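Chemist: no FASTA, just this:
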């Protein structure tokens, strides 16, 4: 047996015997992509304090990953199809790992944002490659099961990121969280050569670079607009991005309709199964990413859990994803994808509806049921949609198919963080203003506290620090009258600090409930639309005969 696989899976007359080990490598590659974002959520407070990040800096630390990731996937997926899907995976792992090392060494906001952008570019190579290699390696009869395990890995990564990052932050600085990805990337890199067979579509033809460039422009502009507008206001930058995104999308569609070999045949969106699956993925991740964004903040800031404790308390979500994945593997072949996907989206809506009960007295126990229901919903809904999206593409365009699925996922996640995150911030700010009305809190301090829940608690802590300082002065004062005055001032400030902390916690809890209500409404309406779009028959198709696959698989590299 050769150490490095050189025979393409497409050239064998039987299924690749080590395909399930190859799937482990592909799932490891997916794991680091998702963990790169979820780990950052628990490292953000320490990073903000150490680097003195503004809210705008922190937002771009998070989203500097998203823009290149979403914008480059379609083009890089097509390039991987033509030249080498395994080569795209390997190169992506190298770029991603290099970006992670760069992030570990970074000492400024600009350097961290640049490192995240490099990691995003690497992820744009890895993500479509994992799905295209999965589809090329597994026979159609086993593909749905393999995609189910691939999807379950994403759910595991959602909880694993905060857990591993939290363990590191117990004894190391925030920069250590970037190194989470390096050993996994190295392991996946070795496994790619040893366990994953090479694959490419020899009949892919010339790449539509014009369409690829247009896709990069309109998707990058759209994601930039989604980030810039809700968080920083609809000024010239956001409006310009919106115009570029709209014009770029129109130009992309017109170009693709006229091109003899388009990068993405946009006519596929006329197919109800394909369109409904993409819409379901986008809406679902809008809800999941948005909810994850504010749940981790609530656990850390309001309930006071440290990074490790927060990660541990997200584990019910990961466990439930695996249960949901097992259920979809059983249900989808029997009832069809329409009902499985709809059930998952109903479950996601119910999870957000449960979060509307959160208030200032809520404890962790109030979050367990929503986390479990959300995890079950992820497991139920996503793998049938991914399977349907991949099934809509011929073998020569599997990389593009993976990129379409992942672009829907990423656009939905970006919208979730931007829309629900912006709504959360607005709701929190307004409620805090009402809660502190009539207090003697300076306007500048209130404005600072309204920026975020972390800033609100920092203001309360600052008031408490002043109270302790006055109490210490009172203890040292020689004049009893002066000591009494200082002690009274200290007690007044200490009371003000407690009231401020209570106001911050209750305002954020109310904002979580309000935001969850809007999220549930959006996902609920989307569930109805998806249920109407998806055709009634959604059972897996049989594996096509070898002669029906066309000449595109005659060669691979």
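Modeler: Everything's here; your move. Not measured: the values here are computed from a predicted model.
Chemist: need the helix or strand of this structure with the lowest average pLDDT.
Modeler: Least confident helix or strand of the chain, by mean pLDDT, DSSP states H and E, is helix 55-63 with a mean of 78.
Chemist: following the chain past it, name the next helix or strand.
Modeler: Where DSSP states H and E defines the elements, the next helix or strand beyond helix 55-63 is helix 66-82.
Chemist: name the next helix or strand downstream of that following helix, please.
Modeler: helix 85-105.
Chemist: now the angle from the helix or strand just after that next one to helix 66-82?
Modeler: For helix 85-105, the following helix or strand on the C-terminal side (DSSP H and E) is helix 109-137. Angle, helix 109-137 to helix 66-82, by axes from the mean of the first three to the mean of the last three C-alpha atoms, to 10 degrees: 30 degrees.
Chemist: who are the packing partners of helix 109-137?
Modeler: Under the contact criterion of 3 or more C-beta pairs under 8 Å, 6 or more residues apart in numbering; DSSP states H and E, helix 109-137 touches helix 19-51, helix 55-63, helix 66-82, helix 85-105, helix 140-169, helix 365-391, helix 398-415. To be clear about C-beta, it is placed using only N, CA and C from the backbone, and glycine gets the same treatment.
Chemist: quick one: the second one to chain centroid distance?
Modeler: If you compare the mean C-alpha spot of helix 55-63 with that of the full chain, they lie 15 Å apart, counting by C-alpha atoms, centre = their mean, to the nearest Å.
Chemist: make 53 the first number, not 1, from now on.
Modeler: Shifting the count to begin at 53 puts that one at helix 107-115.
Chemist: mind listing what's buried along that helix?
Modeler: Buried residues in helix 107-115, defined by neighbour count with 16 or more other C-beta atoms under 10 Å: 109, 110, 111, 112, 113, 114, 115.
Chemist: for those, give me CSV that also has distance to residue 167.
Modeler: Converted to CSV, these look like this (distance: C-beta to C-beta, whole Å):
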residue, distance to residue 167
109, 14
110, 14
111, 16
112, 12
113, 9
114, 13
115, 13
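Chemist: any idea which of those residues is the one closest to residue 428?
Modeler: Nearest to residue 428 among the buried residues of helix 107-115 is residue 114, at 27.0 Å by C-beta to C-beta.
Chemist: measure that closest one to residue 522 for me?
Modeler: The gap separating residue 114 from residue 522 is 39 Å, by C-beta to C-beta, to the nearest Å.
Chemist: cool, residue 588 as well?
Modeler: 71 Å.
Chemist: and the angle for the biggest helix by length in the chain with helix 450-467?
Modeler: Taking DSSP state H as the criterion, the chain has its longest helix at helix 532-585. Put simply, helix 532-585 runs at 140 degrees to helix 450-467, going by the same axes, to 10 degrees.
Chemist: re the thing from before, worst average pLDDT in the helices and strands packed on helix 161-189?
Modeler: Ranked by mean pLDDT, these bottom out at helix 107-115, which scores a mean of 78.
Chemist: who does that one touch, helix- and strand-wise?
Modeler: Counting contacts by 3+ C-beta pairs under 8 Å, 6+ apart, helix 107-115 is packed against helix 71-103, helix 161-189, helix 261-284.
Chemist: which one of the ones you listed lies nearest to residue 441?
Modeler: Nearest to residue 441, of all the helices and strands packed on helix 107-115, is helix 161-189, at 8.8 Å by C-beta to C-beta.
Chemist: re the thing from before, more neighbours, residue 588 and residue 522?
Modeler: A count of neighbours by other C-beta atoms under 10 Å puts residue 522 above the other of residue 588 and residue 522, at 20 against 7.
Chemist: I'd assumed residue 538 was in contact with the more buried one.
Modeler: Yes - with contacts counted by C-beta atoms under 8 Å, residue 522 reaches residue 538, the gap being 5.2 Å.
Chemist: coming back round to it: export the helices and strands packed on helix 107-115 to CSV and tack on mean neighbour count and distance to residue 386?
Modeler: Formatted as CSV, the helices and strands packed on helix 107-115 follow (neighbours: other C-beta atoms under 10 Å; distance: least, C-beta to C-beta, whole Å):
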stretch, mean neighbour count, distance to residue 386
helix 71-103, 22, 24
helix 161-189, 25, 23
helix 261-284, 21, 37
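Chemist: kindly reformat the ones you listed as JSON lines containing distance to residue 211.
Modeler: As requested, those are arranged in JSON lines below (distance: least, C-beta to C-beta, whole Å):
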{"stretch": "helix 71-103", "distance to residue 211": "8"}
{"stretch": "helix 161-189", "distance to residue 211": "19"}
{"stretch": "helix 261-284", "distance to residue 211": "25"}
